[in-house]
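[1] show me the folded form of this:
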Amino acid sequence: MGRITFITGGARSGKSTYAERIAKESNKQIAYIATSIPFDDGMKSRIKKHRAQRPKEWATIEKYRNFNEVVELQDYQEADILLVDCVTVMINNLMFYSGLDFDTCEVEEVDVLEKEIIEEVKKLLDLSHEKDMIIVTNELGMGLVPAYKMGSYYRDIVGRINQYIASRADDVYFIVSGLQMKIK
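    Just a heads-up that it's a prediction; the model follows:
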């Protein structure tokens, strides 16, 4: 069973930089699982910057769902460590592409979607049976209550998913202003 290192913090807190530093210092083969989708110029720019800061020898697997399919990839098979960046973007994609209208849907429909998201997260964590994992997420519970329904559902789902991953993780770090605090 591999180790899970879970890294959380606010936006631009240094989470990804810290995760990448841990991976680099391991001197092991890394497969970077990128969960973002280049849907606009801003995201394309962000992806480009992230790629530029990663070592060229790291494999990149672009995936935000169906993580059970990753085990068939050569990049997965050759990796010692999987670096997943990030869970909050993954959840955003799963919610956005669910087809739900969060302003008019029933709460029960959101509950079904959350169960589907949990299943995706379980598939992701199952990858730790053979590999060490470093997982990055955003801490959303310290901000304002969102003024719109989708934002509120998103914050709640991310919070519960983060709690679940933290409960399964061996180590949990909270990043503030580029400084890390080990909390588990």
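
[2] parallel or antiparallel, list what pairs with the helix or strand hosting residue 5.
    Here residue 5 sits within strand 4-9, counting by DSSP states H and E. Note on strand 4-9: by DSSP bridges, its sheet partners are strand 132-136 (parallel), strand 171-176 (parallel).

[3] what sits up against that strand?
    For strand 4-9, contacts defined as C-beta atoms under 8 Å, 6 or more residues apart in numbering pick out 15, 18-19, 22, 125, 128, 132-139, 162, 165-166, 168-176, 180, 184. Just so you know, the C-beta spots here come from the backbone N, C-alpha and C atoms, and that holds for glycine as well.

[4] please identify the most buried of the strands paired with strand 4-9.
    Ranked by average neighbour count under the criterion mean count of other C-beta atoms under 10 Å, these are headed by strand 132-136 at a mean of 25.

[5] give the next helix or strand downstream of it.
    Counting by DSSP H and E, what follows strand 132-136 is helix 149-168.

[6] relative to strand 132-136, how tilted is that following helix?
    Using axes from the mean of the first three to the mean of the last three C-alpha atoms, to 10 degrees, one finds that helix 149-168 and strand 132-136 are set 150 degrees apart in direction.

[7] hmm, who's touching helix 149-168?
    Contacts of helix 149-168 (C-beta under 8 Å, 6+ apart): 4, 6, 8, 87-88, 91-92, 95, 102-103, 110, 114, 117-118, 121, 125, 135, 137-141, 143, 145-146, 172, 184.

[8] picking that back up, next one: the strand holding residue 5 to chain centre, how far?
    9 Å (C-alpha atoms, centre = their mean, to the nearest Å).

[9] now do stretch 129-141
    Taking mean C-alpha positions (C-alpha atoms, centre = their mean), stretch 129-141 and its chain are 6 Å apart.

[10] what's the closest non-adjacent residue to the residue positioned nearest the centre of the chain?
    The residue lying closest to the centre of the chain (C-alpha atoms, centre = their mean) is residue 87, at 2.1 Å. Spatial nearest neighbour of residue 87, chain neighbours left out: residue 137 (3.9 Å); criterion: C-beta to C-beta, 6 or more residues apart in numbering.
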